[in-house]
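Novice: Need the 3D shape of this:
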Amino acid sequence: MKKMNVNNDLEKMGNEKQNLFTYEGHIRIQGSFPVLKQQFVKIKEVEYSTDFDFFLKNQVQVIVSNDNRCTICSTLEKRVFYKGPKNMDDASVFELMEVIHRDIISFKYGGELIY
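Specialist: Numbering: from 1, shown residues only. Just a heads-up that it's a prediction; the model follows:
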């Protein structure tokens, strides 16, 4: 007998949920129970990962405008973390993103730790 109602297609999910399911390090099995390896800082209704690699890949983006101004913003909400007056090299942008992530997980923007 063929199933008629199959609705488990990952392509129809939102990007955030799809990224959480496909991220290799998110869930591991210990014994017979799944264990979450990363935690999230919830600010208002948005959850930022405490895992820096996940944060870089899925939750923040760098925009360089035509006049070489650098903007670092959230992909989850309408929040600009940094607007730079001049062009920056890649190492400086990476260091700045580390500082932003450290500020998020140390609750500089408010929020609470969730699992």
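
Novice: quick one: contacts for Val60?
Specialist: Val60 is in contact with Ile72, Cys73, Ser74, Thr75, Phe81, Met97, Ile100, His101, counting by C-beta atoms under 8 Å, 6 or more residues apart in numbering. The way it works is simple: take the backbone N, C-alpha and C, and place the C-beta from them, glycine included.

Novice: Among the residues you listed, which lie within helices?
Specialist: Met97, Ile100, His101 (DSSP state H).

Novice: Just give me the neighbour total for the second one.
Specialist: The number of residues packed near Ile100 is 18, by other C-beta atoms under 10 Å.

Novice: do the first one as well
Specialist: Using other C-beta under 10 Å, Met97 has 19 neighbouring residues.

Novice: measure it to Phe54 for me?
Specialist: 13 Å (C-beta to C-beta, to the nearest Å).

Novice: cool, and the second one?
Specialist: Taking C-beta to C-beta as the criterion, Ile100 is separated from Phe54 by 14 Å.

Novice: low pLDDT regions in the chain?
Specialist: Confidence mapping of the chain against pLDDT under 70 gives the ranges 1-37.

Novice: What segments of it are strands?
Specialist: Ranges of strands in the chain, per DSSP state E, are 27-30, 33-36, 40-43, 46-49, 60-64, 70-74, 80-83, 112-114.

Novice: Of all the residues in the last one, which ones are buried?
Specialist: This means strand 112-114. Going by neighbour count (16 or more other C-beta atoms under 10 Å), nothing in strand 112-114 comes out as buried.

Novice: what's the answer for the third one, then?
Specialist: Along strand 40-43, these residues count as buried under the neighbour rule (16+ other C-beta under 10 Å): Phe40, Val41, Ile43.

Novice: for the fifth one, same thing?
Specialist: Buried positions in strand 60-64, judged by neighbour count with 16+ other C-beta under 10 Å: Val60, Val62.

Novice: Just checking: what are the partner strands of it?
Specialist: Next to strand 60-64 in the sheet, as set by DSSP bridges, lie strand 70-74 (antiparallel).

Novice: contacts for the strand it pairs with?
Specialist: Residues outside strand 70-74 that contact it (C-beta under 8 Å, 6+ apart): 46, 59-65, 79-84, 86-88, 93, 96-97, 100.
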